[in-house]
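Undergrad: Just to be clear, the model below is a prediction. Sequence and coordinates:
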Amino acid sequence: MRTVTFADADLCAWMNRTFVLAWYDIKPEATAAGLGALQPTYSREEIAAYPEGGGGTNVRAVFCSPEGIVRHATQGWWPAGRFREECERGLACAGAKSLDAAKDLRARGADELIKAANELAAANPEEMRRPVRESAVARRVAALRLRATTYAQMEGAIGQEAVIVLGDWEEEAEGRIMK
Amino acid sequence: MRFPAIVLAFVVAALPVLADPPTEQDVRGWIAQLSDDDSVKRDEAQRRIESLDIAWKKTLQDSLAASTDAEARARLTEILAKIGRIQWITDVTAAVAKARAEKKPLLVMATPGAPDSFS
């Protein structure tokens, strides 16, 4: 996220204007011990080939109301355009008039992603028969479905105080071996 | 006719979204204000400029090149270093307090390492 998504100056300028932005290190002991590059560095070619949604629980974004209550959350790496889409959804959820309204927005968002994936797959049957790694269309379909899946995976955080959710994730990350 | 309070609240809350984007004249005025004798006005001008879209970067760079005022040059240099880069807050409790005070939504990235790790 640091070197690709957050290298997009337009996205960053928009994020700066739109949100209060916080960064939570879920492995502070490793950082303090100078374990520096907790992940390997990637070449330009490897970055280009890195799957959307990759990284799983190692990279999560939570979008909160001004009172610090989680209203939307997602996980995995997303390029700038996709991440902007999630930010737009997060913004709408954070500003929703109630927690239930935010949950409705998330549910509709997941449905839209699944619908877009299914339509793209149906329109490109030949591409969908190819291995995912060999087809940009198949990868796009997989990415859309994965985004919808992460909404469900993060459902437990919705409605919780961000500080508590983040503390739970830090505990969860303790002892997890970084590859 | 009295406006219902809830309608008025909606209009007030929507004002930042509905406000027109700054004009060239606005921006030039804020840049000039960086040299104001009043430090409060200088700080306000810097806050406004820092919130500008990255499209204004060239204008700011040109202003820096043309400026002979030390204070304005220092502030423009600081602004240009920040523009297009995310200003992360690493204390989440402080970030929540800021979000509450400014009535802005909060976005938290949770991942191993510091924001400037291997960037």
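TA: That came through fine.
Undergrad: Burial check on the closest residue to A:Gly90 other than its chain neighbours, number of neighbours?
TA: Once flanking residues are discounted, A:Gly90 sits nearest to A:Phe63: 2.8 Å by C-beta to C-beta, 6 or more residues apart in numbering or on different chains. Using the backbone N, CA and C atoms, a C-beta is placed for each residue, glycine as well. Counted with other C-beta atoms under 10 Å in any protein chain shown, residues neighbouring A:Phe63 total 27.
Undergrad: A:Phe63 should be in a strand, yeah?
TA: Yes: counting by DSSP: H, G, I helix; E, B strand; the rest coil, A:Phe63 is found in a strand.
Undergrad: right, and the helix or strand after the helix or strand containing B:Lys57?
TA: Using DSSP states H and E, B:Lys57 falls within helix B:57-66. Sequence order places helix B:70-82 as the next helix or strand after helix B:57-66, per DSSP H and E.
Undergrad: can you give me the strands in chain A?
TA: Counting by DSSP state E, chain A has strands at residues A:20-25, A:60-64, A:70-75.
Undergrad: Turn these into JSON lines, including mean pLDDT.
TA: Converted to JSON lines, those look like this (pLDDT from 0 to 100):
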{"stretch": "strand A:20-25", "mean pLDDT": "94"}
{"stretch": "strand A:60-64", "mean pLDDT": "96"}
{"stretch": "strand A:70-75", "mean pLDDT": "95"}
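Undergrad: For A:Pro66, give me its contacts.
TA: Contacts for A:Pro66 were tallied using C-beta atoms under 8 Å, 6 or more residues apart in numbering or on different chains; they are A:94, B:99-100, B:102-106.
Undergrad: Closest to A:Asn118 out of these?
TA: A:Ala94 (28.4 Å; C-beta to C-beta).
Undergrad: contacting residues around the residue nearest to A:Gly90?
TA: Neighbouring residues of A:Phe63 by C-beta under 8 Å, 6+ apart: A:19, A:70-73, A:87, A:89-91, A:93-94, B:105-107.
Undergrad: mind putting these in CSV, distance to A:Gly81 included?
TA: Converted to CSV, those look like this (distance: C-beta to C-beta, whole Å):
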residue, distance to A:Gly81
A:Phe19, 18
A:Val70, 24
A:Arg71, 22
A:His72, 18
A:Ala73, 19
A:Cys87, 11
A:Arg89, 13
A:Gly90, 15
A:Leu91, 16
A:Cys93, 19
A:Ala94, 20
B:Pro105, 20
B:Leu106, 22
B:Leu107, 17
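Undergrad: Now intersect those residues with the helices, please.
TA: Among the contacts of A:Phe63, the members falling in helices (DSSP state H) are A:87, A:89-91, A:93-94.
Undergrad: Out of these, the closest to A:Pro131 would be?
TA: Closest approach to A:Pro131 among the ones in helices among the contacts of A:Phe63 (C-beta to C-beta): A:Arg89, at 30.3 Å.
Undergrad: I'd assumed A:Leu105 was in contact with the closest one.
TA: Yes: contact criterion C-beta atoms under 8 Å: A:Arg89 and A:Leu105 qualify, at 6.9 Å.
Undergrad: Now the common contact residues for these two.
TA: With C-beta under 8 Å, 6+ apart as the test, A:Arg89 and A:Leu105 both reach A:His72.
Undergrad: These two - which one has more neighbours?
TA: A:Arg89 (24 against 19).
Undergrad: How about the residue nearest in space to the middle of chain B, nearest residue that isn't a chain neighbour?
TA: Residue closest to the mean C-alpha point of chain B, counted by C-alpha atoms, centre = their mean, is B:Ser51 at 2.6 Å. Distance criterion C-beta to C-beta, 6+ apart; nearest residue to B:Ser51, sequence neighbours excluded, is A:Arg17 at 5.5 Å.
Undergrad: Least confident secondary structure element in the chain?
TA: You didn't say which chain, so I picked chain A. Every helix and strand in chain A was compared by mean pLDDT, DSSP states H and E; the lowest is helix A:44-49, with a mean of 60.
Undergrad: that's the other chain; I wanted chain B
TA: Result, chain B / mean pLDDT, DSSP H and E: helix B:5-18, a mean of 46.
Undergrad: Give the residue spans of chain B that score low on pLDDT.
TA: B:1-19, B:84, B:117-119 (pLDDT under 70).
Undergrad: A:Ala92 and A:Thr18, how far apart?
TA: A:Ala92 is 11 Å from A:Thr18, where distance means C-beta to C-beta, to the nearest Å.
Undergrad: should've said A:Glu155
TA: According to C-beta to C-beta, A:Glu155 stands 24 Å off from A:Thr18.
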